[in-house]
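Asks: sequence and predicted structure below; questions after.
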Amino acid sequence: MFKSAGQGLHLFESSLGPIGVAWTALGLCRLEIGHRTTEATLEALQRQCPGFSLARPVPVAIREVTRRLKAQLQGGTDDLTDIPVDFGKRSEFSHQVLRQLRRVKPGQVITYGELATR
């Protein structure tokens, strides 16, 4: 899905305001939500993903991810688990936690204690 997309950044508007995504050939590696402006969102992405630049044109795979994220924010039920994620250079423990978090379904609530027992 992402191999031909290389690496890059993309910004889009949503019901929550501007959202930014970063990706590598392995999958999404960063999602920025909660900044007031697209400029602030881009700055945050560039701080976390040095060397990445805005993709022009936006790869097909990223356009599809954007569409699905927007639908999810509008109450969709897509669990998004088929979207590849590049967890990067995190510890093995962090990888395990993040993999378990991806198994939490939309609308499901989980405590840290419950997550730790998985």
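Replies: Thanks, I have it. Residues are numbered from 1 along each chain as shown.

Asks: at the geometric centre of this protein, which residue sits there?
Replies: Of all residues in the chain, the one closest to the mean position by CA atoms, centre = their mean is residue 31, 3.8 Å from it.

Asks: what sits against it?
Replies: 19-22 (CB atoms under 8 Å, 6 or more residues apart in numbering). All C-beta spots, glycine's among them, are computed from the backbone N, C-alpha and C.

Asks: how near is residue 19 to residue 43?
Replies: Here residue 19 is placed at a distance of 14 Å from residue 43 (CB to CB, to the nearest Å).

Asks: which of the two has more neighbours?
Replies: Set side by side, residue 19 and residue 43 show more neighbours around residue 19, with 22 against 14, by other CB atoms under 10 Å.

Asks: so what's the residue nearest to the centre of the chain bridging to?
Replies: With beta bridges defined as DSSP bridges, residue 31 has these partners: residue 21.

Asks: residue 104 versus that one, what's the distance?
Replies: With CB to CB as the criterion, residue 31 and residue 104 are 15 Å apart.

Asks: tell me how far residue 7 lies from residue 91.
Replies: To residue 91, residue 7 is 22 Å away according to CB to CB.

Asks: so for those two, which residue has more residues nearby?
Replies: Neighbours per residue (other CB under 10 Å) separate residue 7 from residue 91, with residue 7 holding more: 17 against 9.

Asks: ok, the nearest residue to that one once chain neighbours are set aside - contacts?
Replies: Using CB to CB, 6 or more residues apart in numbering and skipping the chain neighbours, the partner closest in space to residue 7 is residue 24 (4.7 Å). Applying CB under 8 Å, 6+ apart, we find residue 24 in contact with 2, 6-7, 86.

Asks: buried residues, stretch 42-62. List them.
Replies: Buried residues in stretch 42-62, counted by 16 or more other CB atoms under 10 Å: 42, 44-46, 49, 52, 55, 58-59, 61-62.

Asks: follow-up on the earlier one: pLDDT at the residue nearest to the centre of the chain, what is it?
Replies: Note for residue 31: predicted pLDDT of 95.

Asks: which pair of the contacts of residue 24 spans the longest distance?
Replies: Pairwise distances across those (CB to CB) peak at 12.2 Å, for the pair 6 and 86.
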